[in-house]
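coords please:
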Amino acid sequence: MDLEGKTVLITGSTDGLGKAVALKAAAAGATVLLHGRSRAKGEPVLEEVRRAGRGDAELYLADLELLDEVRTLAAEVAAKRRRLDVLLNNAGILRAGEKPRAENAAGVELHFQVNYLAPFLLTRLLLPLIMAAAPSRIVNVSSLGQAPIDFEDVQLTRSYSGMQGYCQSKLAQIMFTIDLAEELKGSGVTVMSLHPGTFMNTNMVVGQGLTPQSKVEDGARATFEMAFAPEHAGETGGFYNQFHPGHPNPQAADAAARRRLWALSEALTGL
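Here you go, the predicted structure:
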């Protein structure tokens, strides 16, 4: 694909899947906006992406555990860019095993904050730029690992496991995708979510002692296609298992649960 003239923002792109997709997009000619938490880690990746690409590349720093930094990230992008062809919400965490429950300064459980609430807020704030670039796309990197949200204990203060936190945050992404697609119907903005691969050989997986079951390269190929391939334009609101339509947890089809999640998300983000 020739992506010259296209601009993509990829969160969590200084490592793993995000970095692999950034390199592919740069090689195809896109302007790539990288995101990470560390300048020391991000600067070498920025240079690597620039060497691989035909377009421009920039690095933005933000800790997605903090909503104020998400707001700053959106403001910095909006100050430099008038349009955004693709927003790829890729950044995520998994605190597996015996790691205790953790929350940010506002008391939000970290999986829910980083994997769901931060991309919810970032997407809403960048929507004017995305709509200005229509036909454009929003792609949420979710997972086959999903669990229904217990709205009586969303922050998992009564009963916690890292995998439960991760899985409910990934279902929340899918539920957000469905409702945002409905809101943007007819705007030219395609919204989709996907499972790129199971336990890819990323630092997030290997660093926790988990056994990889797939390769980053395969996940990057699926994610890149969903973000840029012309044949997926207009396939809005769907969840994909790599290249094929997937079947999310039944709670995703519960309109009342989705409305409850949206209201909670607006309250927690102050929108």
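
any chance you could map the helices in the stretch 1-150 of the chain?
Using DSSP state H, counting those that start in this stretch, the helices of the stretch 1-150 of the chain run over residues 16-27, 39-52, 67-80, 110-111, 118-132.

now mean pLDDT, distance to N104 and mean neighbour count too, for these, in TSV please.
No exception for glycine: its C-beta is placed from N, CA and C like everyone else's. Below are the helices of the stretch 1-150 of the chain laid out as TSV (pLDDT from 0 to 100; distance: least, C-beta to C-beta, whole Å; neighbours: other C-beta atoms under 10 Å):
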stretch	mean pLDDT	distance to N104	mean neighbour count
helix 16-27	96	21	24
helix 39-52	96	21	15
helix 67-80	98	8	16
helix 110-111	98	6	24
helix 118-132	98	10	20
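
and of those helices, who's closest to R95?
Comparison of these against R95 by C-beta to C-beta identifies helix 110-111 as nearest, at 6.8 Å.

what residues does that closest one touch?
E65, I93, L94, R95, A102, E103, N104, G162, G165, Y166, Q168, S169 (C-beta atoms under 8 Å, 6 or more residues apart in numbering).

min pLDDT across those, which one?
Lowest in pLDDT among the contacts of helix 110-111 is R95, which has 89.

next, count neighbours for that one.
For R95, the neighbour count with other C-beta atoms under 10 Å is 20.

ok, now the one 10 residues further on?
A105 is surrounded by 9 other residues when neighbours are defined as other C-beta under 10 Å.

check G5 too.
Counted with other C-beta under 10 Å, G5 comes out at 10.

what do you get for the one 3 residues further on?
By the criterion of other C-beta under 10 Å, V8 has 28 neighbours.

can you tell me how far it sits from H111?
Distance of V8 to H111, computed by C-beta to C-beta, to the nearest Å: 25 Å.

what's the answer for L61, then?
22 Å.

excluding chain neighbours, what is closest to A134?
G188 (3.1 Å; C-beta to C-beta, 6 or more residues apart in numbering).

just to check, that neighbour is in contact with A132?
No - the criterion here is C-beta atoms under 8 Å, and G188 misses it with A132 at 10.2 Å.
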